[in-house]
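Undergrad: Predicted model, plus sequence, below.
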Amino acid sequence: MRTRLSSATTAARALAQRAAWRSRWLEFSTLVLITIVLISCLDRPWGNPPMLAPLLAVPPALAGIGATTVRRPLAYGGVSLLAAIVVAFKPTEYAGWLPGATMFTVAVITAVAAAGTATDMRQKRRIAEVTSVAEAAQRALMRPPPPRLGPVGFDVTYVAAAAEAKVGGDLYEAVATRQHGIRVIMGDVRGKGLGAIELAADVLGTFRELAHDAYTLAELAARLDAGLGRGLGRHEEFVTALLVEIDPESGRTSIYNCGHPPPLLIPALPGRDTPGGRDTPAGRVTLVEVPSPAPPLGLLGLGDCSGAELAIALQPNDQLLLYTDGVTEARDARRAFYPLPDRVSALASRAAGQPAGKPALRQVANGSTDGPARQGLLDLVRADLLKHVGAPLDDDAAMLLVRAPATWPAASAATSPAHAPRVASAS
């Protein structure tokens, strides 16, 4: 959510700056044009009609382009009409019909520009109403996960393929259950349009219900697949999905892959207190690939699912990045794919506020990973992705970042004085 608000604020500022520049440029151009016409028509004698006078119809026409109120074209038209009247009163050897035609043209152009602006404003209001409905649907369908579920932190970002898009075929959700820990889904509906959105809504609704009941991730995938199978006759689409189950006490994590891009494991940076941490070089981002991914949801019965699950142990301060193929399949002008693992490796240290390969300079007093040292990775990846593409994306792109705590509750309990081994005292 913070990423979306920051992006919306930046976009609003850029639009405001461009609008201000256009307004100043239009005012300057209008002033120059009217000045040239008046000088040409009034400050030197002629024996022919003032041929530059019809140019006075240009300012109100330009003022109607992108205007947000009818007062703008009316004001420009009024100034131009006043200049045309001044030119019409200039005594000439041959005035003819041109001054009158100029005033008539300026009046007509001003009226047309004002009417067009009024119509455009009504259309923008309708679009704003539709956009508000789409945003409400997005909040209901793709509401971001809470910043924290138990000890586990979450962050999410979504980049639509079209600037106007509010809801797409990518889906994600995180649910805290009583018996199965924290369960997460990241999915991507094949296809686009309203059918893909409807299917994404069906999958999310079913997941939110079954996440509490299904005993294993394999059972959860099978029940999601069964629910999709009953609706595929309408859509003829399927859903790639990644199911994740995290034990909030120990950090043990199970990953079940249904034809989805594998997640990225971002190990804790050096210089952090990571008890029991594995011997993994800092910044070495790795793909967490299951032995054999299962078919996508909706097609699960067509393949072997025995190797679709993998168990790992999330160490303290580790991060797990889930994403859709809209990220990895984004291409630049030379048609090169976005190298997500390499870029995340380079950006993880920057997000933590330290140069690559050097110890972290900042430690949060309580060991929490929610401080500024751990924020901003998705913002950096999102900006880097858009810079790589340099144009609107061809497909929606979603990223969900799972952040392990500095210490898992089970480890803290094991090392607390209450759980320390008792030593018999000598009598």
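TA: Noted; the coordinates are in hand.
Undergrad: which residue ranges form the strands in the chain?
TA: 148-149, 152-159, 170-176, 182-189, 239-246, 252-258, 264-266, 286-287, 309-313, 319-323, 397-403 (DSSP state E).
Undergrad: Ala57: which of these is closest?
TA: strand 152-159 (43.6 Å; CB to CB). Bear in mind the C-beta positions are built from the backbone N, C-alpha and C, glycine included.
Undergrad: ok, now which ones touch Thr240?
TA: Gly187, Asp188, Arg190, Cys258, Gly259, His260, Pro261, Pro296, Leu297, Asp325 (CB atoms under 8 Å, 6 or more residues apart in numbering).
Undergrad: what's around Arg125, how many residues?
TA: 10 (other CB atoms under 10 Å).
Undergrad: What pLDDT is listed against it?
TA: Residue-level confidence at Arg125 comes out at 78, pLDDT.
Undergrad: related to what we said a few turns ago, now the contacts of Thr240 as CSV including pLDDT and distance to Leu217?
TA: Shown next, in CSV, are those (pLDDT from 0 to 100; distance: CB to CB, whole Å):
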residue, pLDDT, distance to Leu217
Gly187, 93, 14
Asp188, 91, 18
Arg190, 82, 21
Cys258, 95, 10
Gly259, 94, 15
His260, 96, 13
Pro261, 95, 17
Pro296, 93, 15
Leu297, 92, 12
Asp325, 91, 21
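Undergrad: quick one on the thing from earlier: between the strands of the chain, which one is nearest to Ala383?
TA: Comparing those by CB to CB, strand 152-159 comes nearest, at 10.1 Å.
Undergrad: Can you check what angle separates the closest one from strand 319-323?
TA: 30 degrees (axes from the mean of the first three to the mean of the last three CA atoms, to 10 degrees).
Undergrad: got a markdown table for the strands of the chain, with distance to Gly195 too?
TA: Shown next, in a markdown table, are these (distance: least, CB to CB, whole Å):
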| stretch | distance to Gly195 |
| --- | --- |
| strand 148-149 | 31 |
| strand 152-159 | 19 |
| strand 170-176 | 14 |
| strand 182-189 | 8 |
| strand 239-246 | 12 |
| strand 252-258 | 20 |
| strand 264-266 | 30 |
| strand 286-287 | 31 |
| strand 309-313 | 30 |
| strand 319-323 | 23 |
| strand 397-403 | 18 |
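Undergrad: Out of those strands, which is closest to Met103?
TA: It is, among those and with distance given as CB to CB, strand 152-159, at 51.9 Å.
Undergrad: So in that sheet, which strands flank that closest one, and in what orientation?
TA: Next to strand 152-159 in the sheet, as set by DSSP bridges, lie strand 148-149 (antiparallel), strand 397-403 (antiparallel).
Undergrad: Switch those over to JSON lines; also include mean neighbour count and distance to Ala333.
TA: Putting the strands paired with strand 152-159 into JSON lines (neighbours: other CB atoms under 10 Å; distance: least, CB to CB, whole Å) gives the following:
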{"stretch": "strand 148-149", "mean neighbour count": "18", "distance to Ala333": "40"}
{"stretch": "strand 397-403", "mean neighbour count": "25", "distance to Ala333": "18"}
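Undergrad: Redo those as JSON lines? Include mean pLDDT.
TA: Output for those, formatted as JSON lines (pLDDT from 0 to 100):
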{"stretch": "strand 148-149", "mean pLDDT": "93"}
{"stretch": "strand 397-403", "mean pLDDT": "93"}
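Undergrad: Now distance to Val70 too, for these, in JSON lines please.
TA: What follows is these, written out as JSON lines (distance: least, CB to CB, whole Å):
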{"stretch": "strand 148-149", "distance to Val70": "50"}
{"stretch": "strand 397-403", "distance to Val70": "40"}
